[in-house]
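Novice: Sharing a model that was predicted from the sequence below.
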Amino acid sequence: MNMTLAFRRFGILAAAALLVTAVGMKPLYAMGTNNPPPPTDDGNKKKKKDNNAIEQQQQQQAAAQFLRDYRAAREMILAGNYQGGIAAMHALGHDAHPDVANYIGYAYRKMGDYKDSQIWYEAALKADPNHVRTWSYYGMWQMEQGNRLKALDDLQKVNLICGNTTCEEYRQLKAVIDGKASY
């Protein structure tokens, strides 16, 4: 085997390994999880290397409060109270959080406001390009818009992120594409 061919094969294998590593490194918070990670400081404040105990306690309390309020807002949306759920999500003060933006987009989609829904799905994906639940919901949005090919593209993204075709996000989007379900 000549050196050029060997380097080319090595390069392809290295690129594939990097892709697998990049996809696998980010934790997945599927389905707009009931336990999303709390929002992090945007870097607006200078971080100290060692937070004192009071600061750590305040951060834990803020994270717990975010989780309680997020869960309540999510339950409102899942129960069909879309306007109230959107207001509650906005009240969290973290619209750029991928789980928050995803559920705002979901609520707008369920109300038939496809323009605002698209804006919020894209905001969620900007915050986390591997947010599997958003890709699944965005694929459903695509189907509702009559964009089957785009929905199939989104299904492939879900497959790549999940690493299989058995994750719930893949199965739900596939069922919508196949005309067996609607979400």
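Specialist: Ah, there it is.
Novice: what about the protein, any weak spots by pLDDT?
Specialist: Applying pLDDT under 70 to the chain flags residues 1-35, 40-51.
Novice: repeat that for 90
Specialist: For the chain, applying pLDDT under 90 flags the ranges 1-53, 182-183.
Novice: tell me, what residue is most central in it?
Specialist: His131 (2.6 Å; C-alpha atoms, centre = their mean).
Novice: excluding its backbone neighbours, what's nearest that one?
Specialist: In this structure, His131 finds its nearest non-sequential neighbour in Pro98, 4.5 Å apart by C-beta to C-beta, 6 or more residues apart in numbering. The way it works is simple: take the backbone N, C-alpha and C, and place the C-beta from them, glycine included.
Novice: burial count for the one you found?
Specialist: 23 (other C-beta atoms under 10 Å).
Novice: circling back: for the residue nearest to the centre of the chain, give me its contacts.
Specialist: Tyr29, Pro98, Asp99, Asn102, Ala124, Leu125 (C-beta atoms under 8 Å, 6 or more residues apart in numbering).
Novice: Next, Val158: secondary structure please.
Specialist: State at Val158, reduced to three classes by DSSP: H, G, I helix; E, B strand; the rest coil: helix.
Novice: That one contacts Val132, correct?
Specialist: Yes. At 5.8 Å, Val158 and Val132 qualify as touching, with contact defined as C-beta atoms under 8 Å.
Novice: shared neighbours, the two?
Specialist: Common neighbours of Val158 and Val132 (C-beta under 8 Å, 6+ apart) are Cys167, Glu169.
Novice: Give me the more crowded residue out of the two.
Specialist: Val158 (27 against 24).
Novice: May I ask which of the contacts of His131 has the most neighbours?
Specialist: Asn102 (30 neighbours).
Novice: how about that one, secondary structure?
Specialist: Going by three-state DSSP: Asn102 is helix.
Novice: That one contacts Glu122, doesn't it?
Specialist: No. If you go by C-beta under 8 Å, Asn102 and Glu122 don't touch, sitting 10.6 Å apart.
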